[in-house]
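Undergrad: Provide a 3D model corresponding to the input given below.
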Amino acid sequence: MTVPALSITRRLRNTPFTDHVNIAGVKSYTVYNRMLLPTSFNSMEEDYFHLKKHVQVWDVSCQRQVSVKGPDAAALMQRLTPRNLTNMVVGQCYYTPIVNDQGGMLNDPVTLKLAEDHYWISIADGDLLLWVKALAIGFGLIVSIEEPEVFPLAIQGPKASELMERVFGPEIQTIRFFRFQEFTFEGQKLIISRSGFSKQGGFEIYLNRSDLAAPLWNTLFKAGEDLQVRAGCPNLIERVESGLLSYGNDMTSENTPLECGLGRFCKIESDTNCIGNEALQKEAKAGTKCQIRSIAIEGDPLFPCDDKWPLFDGENHVGDVTSAVWSPDFETNVALGMVNKSHWENGTSLVVQTPQGIRKAIVYEKCFADRQ
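TA: Numbers count the residues shown, from 1 in each chain. Prediction:
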């Protein structure tokens, strides 16, 4: 079967690193915020083993920034999220569920506080810019909102710290988890955070000059040659094992933060001025009806989940698998799924309808990586 090609037009943007990613041997891309996001290089399993042992450089320029700046920036940010931002300090990153007026998830970005009146919302896949503008206008807030030309590059894996120290010096080790500092590269100040979309540890470099893409890429690869540095990308196996949620796959605007297991990031018992707070308070009082869980699916390796797979207890539909893939380390099919409250207890046995037939499934409260 011939695999269809992806037509590249002005509607689908390259990144400053795309040429380097192509030379590195990328095998597949997906579209994310109308930009190219690599999805595999050698193979999903080989990329997975390398990520867990060495260090990779990921082009995640598709993590676009929504810049919120002005006297009312803090007020607008609190309208967007049920997470209490009162104690957030400059230099800190917060995982911030963004919700609509019904409490439904619109995005699950990491927010960086650059100054008392300036934030970057580093978004997942979704058109958040217009929503943020609409709330600012609707509430009459004095802010400027734009999408700056910023291109994140993630350095992920157990050898990430060593590679980053070689390029930026020992001070890089002083950055705490979910914090950021400014570092200079070829005379340009860059924000670098200790964060990333894996549990293997790493950093994200927020490149703010596209002409520095080639020098930065080449410097990292030269410095990490003996560390077995490779180009890489977010890995489905590692993500599902680690319980990292993918907006648009594991959750959509039909789901609330409470259904997504993100209640610890929400302060809904008091009024935070979040636009969805009233709806979330009602849900908390009535009880959440379903929630994301990790799931083991027995049997031979399954193809990665490209649609919802229904979960059953007998003839009763009690949830859906939203992401699934074979895990070489756990020697089972690992999955994430939304499961009804009646069946989300740890160890619950269900069956799942997959494209490769009915399989037995076991529900777990903790992700696989946390049960090692």
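
Undergrad: Could you use CA atoms for every contact and neighbour count after this?
TA: Will do.

Undergrad: Going along the chain, name the helices of the stretch 201-350 of the chain.
TA: Using DSSP state H, counting those that start in this stretch, the helices of the stretch 201-350 of the chain run over 213-223, 236-242, 277-286.

Undergrad: between those helices, which gets nearest to Leu190?
TA: helix 213-223 (11.1 Å; C-alpha to C-alpha).

Undergrad: Let me know the average pLDDT across that closest one.
TA: Per-residue pLDDT over helix 213-223 has a mean of 98.

Undergrad: List of residues touching that helix?
TA: Applying C-alpha atoms under 8 Å, 6 or more residues apart in numbering, the external contacts of helix 213-223 come out as 16-17, 20, 163-164, 166-167, 185, 207, 229-230.

Undergrad: Return the residues in contact with the residue nearest to Phe197 when sequence neighbours are not counted.
TA: Residue nearest to Phe197 in three dimensions, not counting chain neighbours: Pro234, with 6.6 Å by C-alpha to C-alpha, 6 or more residues apart in numbering. Pro234 is in contact with 39, 58, 197-198, counting by C-alpha under 8 Å, 6+ apart.

Undergrad: of these, closest to Gly104?
TA: Out of the contacts of Pro234, the member with the shortest distance to Gly104 (by C-alpha to C-alpha) is Phe197, at 22.3 Å.

Undergrad: In CSV: the helices of the stretch 201-350 of the chain, plus mean neighbour count and distance to Val321.
TA: Below are the helices of the stretch 201-350 of the chain laid out as CSV (neighbours: other C-alpha atoms under 10 Å; distance: least, C-alpha to C-alpha, whole Å):
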stretch, mean neighbour count, distance to Val321
helix 213-223, 16, 37
helix 236-242, 24, 12
helix 277-286, 17, 23
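
Undergrad: could these be laid out in CSV, adding distance to Ile297?
TA: Listed next are the helices of the stretch 201-350 of the chain as CSV, based on distance: least, C-alpha to C-alpha, whole Å:
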stretch, distance to Ile297
helix 213-223, 38
helix 236-242, 13
helix 277-286, 30
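
Undergrad: part of a strand, is Leu141?
TA: No - going by DSSP: H, G, I helix; E, B strand; the rest coil, the assignment for Leu141 is coil, not a strand.

Undergrad: and it, how many neighbours?
TA: The tally of other residues near Leu141 (other C-alpha atoms under 10 Å) stands at 16.

Undergrad: Tell me if I'm right that it and Ala74 touch.
TA: No - using C-alpha atoms under 8 Å, Leu141 makes no contact with Ala74, being 10.2 Å away.

Undergrad: Now, of the contacts of helix 213-223, which are buried?
TA: 16-17, 20, 163-164, 167, 207, 229-230 (16 or more other C-alpha atoms under 10 Å).

Undergrad: Any chance of TSV for these, columns pLDDT and distance to Glu238?
TA: Shown next, in TSV, are the buried ones among the contacts of helix 213-223 (pLDDT from 0 to 100; distance: C-alpha to C-alpha, whole Å):
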residue	pLDDT	distance to Glu238
Pro16	97	26
Phe17	98	23
His20	97	24
Leu163	98	21
Met164	98	22
Val167	98	26
Leu207	98	26
Val229	98	18
Arg230	98	16
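
Undergrad: State the pair within those residues that is farthest apart.
TA: Going by C-alpha to C-alpha, the pair spanning the buried ones among the contacts of helix 213-223 furthest: Pro16 and Leu163, at 21.2 Å.

Undergrad: Find me the pLDDT at Arg239, would you?
TA: Note for Arg239: predicted pLDDT of 98.

Undergrad: Excluding sequence neighbours, find me the nearest residue to it.
TA: Nearest residue to Arg239, sequence neighbours excluded (C-alpha to C-alpha, 6+ apart): Ser198, at 6.4 Å.
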